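Participant: Provided below are the primary sequence and the corresponding predicted coordinates.
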Amino acid sequence: MILPIYLAKRFFKALTICTVISYSIFFLFSLLGNLGEKLSFKSIFFLSILNSFQIITYIPSHLFILSLCLFILNLKSKNELIIIKEYIDLSKLFYIIFPIIVLFIFVEMKKDDFSMSFEKIKSNVINSKNIVDTKILISLEGNKKRYNIFNGYDHDNAVLNQYLSFETQNKIINRGEISTNLYLDNSNLYSNKSIIYENNNFHNEDLNKKLFENFISFWSKNTGTIIKDKVSNINSSYYIIQSLIFSSLFYLCISMIFLSKRLVDRGMNTINIFLIVSSMFLYYLLIPKIILNNFQYLFMLIAIIIFILTFFRIKQYE
Amino acid sequence: MVGRARSYIIYNYFKYILILLFIFIGLIWLSQIIRILELQYSIYNQIIEIASTTLLALPSFINPLVPFLILIGSFMLNSKIKNSNEIIILKQYLSTNSLRILLQLLILFTIIVYAINNEVISKKFYEKYKIKELEIRNNLKLGSPVQNEFHIDDIVSIFFDSKENDTFYDVEAIIYNQNQFIVSESVEIELSKSNFNLVFSEGERVILNDIEKSKTIFDKFTYILESKKYEKLLMDKDHYNTFELISHPENDFRNHGHNKIFQYFFLILVGFISLKIIFFYINKKNNLSNFSFIFILVLLVQILNSYLIYLLDNFNSFNLLHFYLINFIFLISTYFLVNKILK
């Protein structure tokens, strides 16, 4: 038990060093870049702190790679790696590193949310009004398509400024509705008064009616601006699963490369390993950014298969 | 033997600095690419263009990072020669005089490379970068369509079935500020003078707002995106070298020039500190806490310098004399403090 604790401590030390150094470099870079902004130094300083966190959320995997690299170099320099590889096999080494991999995968899955949160705080700091306060729900019912546009939601006071809705069928606008007299009751959205467009006519409707069920939960659950009903749920769960598999395979492959037997060998080709890790890192970063209009599922499946093959290829040596 | 020991130190010193430079500049480069991609949803066909353009900005990214990379490189070199006990042998073989020459050579070489990059290379590449960046920005000014959706900030959202060049087909669009909803056969993005226009063809439009309630059937309807102007090239501080900045008519450009001068002194200080770090050795003692302290101290000097530039730009009562005086007091204090730690 002493050895796993020792290794975990060493890894956390490497992780802390890499995080602090990376953060400082990004902070400095942001600070010098933000100096030209017409803001107080306090705001510039705070903005740079947030910017640095945001850069880290863009590419959290770099911290894992750098930490693992530093961890292995440290062990190797004191000849501890040979002893560790002698006593602990690869699967046991994975048990030690597993919680860290899980942590990084969690950050990867949530990085868009984290980045969005930092963006919101940054917008507050510079008093920008770019914060998204509009959400559009697109739903399909047979050949009818409906756009519900919710505008100006104030979470603290539970107030929505405007509800707008349009319905199309066979490329014709069937119906439209606008209401600015709204209130929330038991999380549901109600309207007291609305203007409706229907059958080429506009009319006022002075009627108290429920417009949307469970609005508060809908707003907080859906972080994006465009929300697609039904179809999007399948898409998003598929997206979550594929990115989970994709991230897990990437972290497993990287860990296997750094913890493999080949690294114990003093005559190993460092450039070779560096090139493999860099290529995988670039592939991992750029592939999710490529979104095709067609065959997207197939494209992501191929990306996952490539990582699976890489995983088995590395495993073969062990 | 002494010559080899010297080359060994020089080789490893620059090896670590270059590796760190490569890693961190690479990371900044990647984060720039990803940030642009995030902002524009996805620009799958323009990744190469964005990557090659941001590559041109890298020389200007290098300068502010160099002192810190030198510092970290020295920590790593010290750790390497300490762990393998080479530090004891090197200290025995290299006399104080040969060490001094070696140190002076290292600092001189680093400053020359830094100055060439600062005054010539980064300036040239930055000029090219700005021109290419402007082209991309104007091309992507309106964002980029993806997954049959095209959102232009919070002005317009276009949902389409297919796309060819700048024309979208089978379109449903929302224009937010007037609560307009449009269904049309197609919409084309066109550039007129300095504005971008959206030209809708064959469709109908419903407006629902407090002032207007209407339905229109149109053959052609043009919506002008007034807030989206075509950008022109502006010269910023990175377009100039130190001498050009100092003689610039604008105050903040001149201040930036003086900051560049200060950065040379800052680099010399870091150079001296880094060479002290390389040969720092206390038997069986972990240097991490000492090195962390030095790193934070140097970082604080740079943060303070940023604050002084801010004061110089924004307060008339704070002049260049104050800027240099305070900065040099901190530089000298840092040097003596680090000297005390590494004694």
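Facilitator: Cool, the structure landed.
Participant: What sits closest to the closest residue to chain B within the stretch 1-150 of chain A if chain neighbours are left out?
Facilitator: The nearest approach of the stretch 1-150 of chain A to chain B comes at A:S77, 4.2 Å away (C-beta to the nearest C-beta). Every C-beta, even on glycine, is put in place using the N, C-alpha and C of the backbone. Once flanking residues are discounted, A:S77 sits nearest to B:N83: 4.2 Å by C-beta to C-beta, 6 or more residues apart in numbering or on different chains.
Participant: circling back: tell me who's in contact with the residue of the stretch 1-150 of chain A closest to chain B.
Facilitator: B:S79, B:K80, B:N83, B:S84 (C-beta atoms under 8 Å, 6 or more residues apart in numbering or on different chains).
Participant: what bits of chain B have low per-residue confidence?
Facilitator: B:1-3, B:35-47, B:94-96, B:134-147, B:153, B:191-195, B:226-234, B:283-285 (pLDDT under 70).
Participant: hey, where'd the helices end up in chain A?
Facilitator: With helices called from DSSP state H, chain A shows them at A:2-34, A:41-58, A:61-77, A:80-87, A:90-125, A:215-221, A:231-258, A:270-286, A:296-317.
Participant: Using a markdown table, please lay out those helices together with mean pLDDT.
Facilitator: Below are these laid out as a markdown table (pLDDT from 0 to 100):
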| stretch | mean pLDDT |
| --- | --- |
| helix A:2-34 | 86 |
| helix A:41-58 | 86 |
| helix A:61-77 | 87 |
| helix A:80-87 | 79 |
| helix A:90-125 | 81 |
| helix A:215-221 | 76 |
| helix A:231-258 | 79 |
| helix A:270-286 | 86 |
| helix A:296-317 | 85 |
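Participant: If you count neighbours, what's buried in the longest strand belonging to chain B?
Facilitator: The longest strand of chain B (DSSP state E) is strand B:213-229. Neighbour-count burial for strand B:213-229, with 16 or more other C-beta atoms under 10 Å in any protein chain shown as criterion, is recorded at B:K213, B:K215, B:F221, B:Y223, B:L225, B:K228.
Participant: just curious, which of the residues you listed is nearest to chain A?
Facilitator: B:K213 (4.6 Å).
Participant: Not counting sequence-adjacent ones, nearest residue to that closest one?
Facilitator: Going by C-beta to C-beta, 6+ apart, B:K213 has A:F202 as its nearest residue, at 4.6 Å.
Participant: pLDDT value on the one you found, please?
Facilitator: Per-residue confidence (pLDDT) for A:F202: 86.
Participant: and the chain, what are its domains?
Facilitator: No chain in the question, so chain A it is. According to automatic domain parsing, chain A comprises the domains A:2-128+A:233-317, A:134-223.
Participant: actually chain B
Facilitator: Split by automatic domain parsing, chain B gives B:2-139+B:234-341, B:149-229.
Participant: And the longest one, how far out from the chain middle?
Facilitator: Just to be clear, that refers to domain B:2-139+B:234-341. The chain centre lies 13 Å from the centre of domain B:2-139+B:234-341; the measure is C-alpha atoms, centre = their mean, to the nearest Å.
Participant: cool, and the last one?
Facilitator: Averaging C-alpha positions (C-alpha atoms, centre = their mean) puts domain B:149-229 36 Å from its chain's average.
Participant: now the buried residues of strand B:213-229 in a markdown table, with distance to A:I17?
Facilitator: As requested, the buried residues of strand B:213-229 are exported to a markdown table (distance: C-beta to C-beta, whole Å):
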| residue | distance to A:I17 |
| --- | --- |
| B:K213 | 64 |
| B:K215 | 65 |
| B:F221 | 60 |
| B:Y223 | 54 |
| B:L225 | 48 |
| B:K228 | 45 |
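Participant: Relative to A:S67, which of these is nearest.
Facilitator: Nearest to A:S67 among the buried residues of strand B:213-229 is B:K228, at 43.1 Å by C-beta to C-beta.
Participant: how close does A:A158 sit to chain B?
Facilitator: 22 Å (C-beta to the nearest C-beta, to the nearest Å).
Participant: what about the residue lying closest to that residue once chain neighbours are set aside, how many neighbours?
Facilitator: Spatially, and ignoring its direct neighbours in sequence, A:A158 is nearest to A:L184 (4.9 Å; C-beta to C-beta, 6+ apart). By the measure other C-beta atoms under 10 Å in any protein chain shown, the count of residues near A:L184 is 16.
Participant: Enumerate the beta-bridge partners assigned to A:L184.
Facilitator: A:L184 has these beta-bridge partners by DSSP bridges: A:L189.
Participant: In contact with it, which residues?
Facilitator: Applying C-beta under 8 Å, 6+ apart, the residues contacting A:L184 are A:A158, A:V159, A:L160, A:Y190, A:F215, A:I216.
Participant: How many neighbouring residues does the fourth one have?
Facilitator: Neighbourhood size, A:Y190 [other C-beta under 10 Å]: 18.
Participant: Contacts only, for it.
Facilitator: Applying C-beta under 8 Å, 6+ apart, the residues contacting A:Y190 are A:L182, A:Y183, A:L184, A:N208, A:K209, A:K210, A:L211.
Participant: Let me have these in a markdown table, extended by pLDDT.
Facilitator: Shown next, in a markdown table, are the contacts of A:Y190 (pLDDT from 0 to 100):
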| residue | pLDDT |
| --- | --- |
| A:L182 | 86 |
| A:Y183 | 85 |
| A:L184 | 84 |
| A:N208 | 84 |
| A:K209 | 84 |
| A:K210 | 84 |
| A:L211 | 84 |
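Participant: Tell me where chain B has strands.
Facilitator: Going by DSSP E, chain B shows strands at B:149-152, B:156-159, B:162-164, B:167-175, B:180-192, B:195-208, B:213-229.
Participant: tell me the most buried of the ones you listed?
Facilitator: strand B:156-159 (a mean of 22; mean count of other C-beta atoms under 10 Å in any protein chain shown).
Participant: In its sheet, which strands sit next to that strand, and in what direction?
Facilitator: strand B:149-152 (antiparallel), strand B:167-175 (antiparallel).
Participant: As JSON lines, those strands with distance to A:P288 would be great.
Facilitator: Output for those, formatted as JSON lines (distance: least, C-beta to C-beta, whole Å):
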{"stretch": "strand B:149-152", "distance to A:P288": "18"}
{"stretch": "strand B:167-175", "distance to A:P288": "25"}
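Participant: Let me know which of these is the nearest to B:Y240.
Facilitator: Short answer: strand B:149-152, nearest of the strands paired with strand B:156-159 by C-beta to C-beta, at 34.5 Å.
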